[in-house]
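S.K.: have a look at this prediction, sequence included:
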Amino acid sequence: MSATKERFNLADVACASEARPRRAVGVDPEIKAVNRHRLRRIEGQIRGLQKMVEEDRYCPDIITQVASVQEALRGVARNLMRNHLQHCAAKALRSGKKQETQAMYDELLELIYAHLR
């Protein structure tokens, strides 16, 4: 386990409700709608990829479509990060609580290092 993960306690992070599984608090309805639309489109792209593989389509064509899906997923992740920064991170940083602020910094760094490369 990394030093970052050891330092931050998920219970200290702002905007995470106590429910299991954790649920976001303060989700922007517009971002949610855009993400749902994108995910439905991605779902269709995945079905198209499955068909391309089944039909033995030309590998570079499949790879191009895979890259398109990956970029669409990155778009969803960027929207989620934007929402998280605008709501949860801002709340934690404004709180003035050292433990909450540090936990949010650690969480954000972990997200960036692990997923948003």
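M.R.: Done, it's in.
S.K.: where do the helices sit along the protein?
M.R.: 3-7, 29-54, 59-84, 90-94, 98-115 (DSSP state H).
S.K.: closest to residue 22 out of these?
M.R.: helix 98-115 (11.6 Å; C-beta to C-beta). Bear in mind the C-beta positions are built from the backbone N, C-alpha and C, glycine included.
S.K.: flag every buried residue along the closest one.
M.R.: Residues of helix 98-115 classed as buried: 100-101, 103-108 (neighbour count, 16 or more other C-beta atoms under 10 Å).
S.K.: likewise for stretch 22-37?
M.R.: 27, 31, 35.
S.K.: confirm for me that the second one is in contact with residue 83.
M.R.: Put plainly, it is residue 31. Yes. Applying C-beta atoms under 8 Å, one finds residue 31 in contact with residue 83, separated by 4.9 Å.
S.K.: helices and strands of this protein: which one bottoms out on pLDDT?
M.R.: Sorting the helices and strands of the chain by mean pLDDT, DSSP states H and E puts helix 3-7 at the bottom, at a mean of 44.
S.K.: tell me how many other residues crowd residue 46.
M.R.: 13 (other C-beta atoms under 10 Å).
S.K.: OK, contacts around it?
M.R.: residue 69 (C-beta atoms under 8 Å, 6 or more residues apart in numbering).
S.K.: look up how far residue 97 lies from it.
M.R.: 42 Å (C-beta to C-beta, to the nearest Å).
S.K.: pLDDT weak spots in this structure?
M.R.: 1-21, 116-117 (pLDDT under 70).
S.K.: which residue is nearest the centroid of it?
M.R.: Centroid-nearest residue in the chain, with C-alpha atoms, centre = their mean: residue 77, separated by 3.9 Å.
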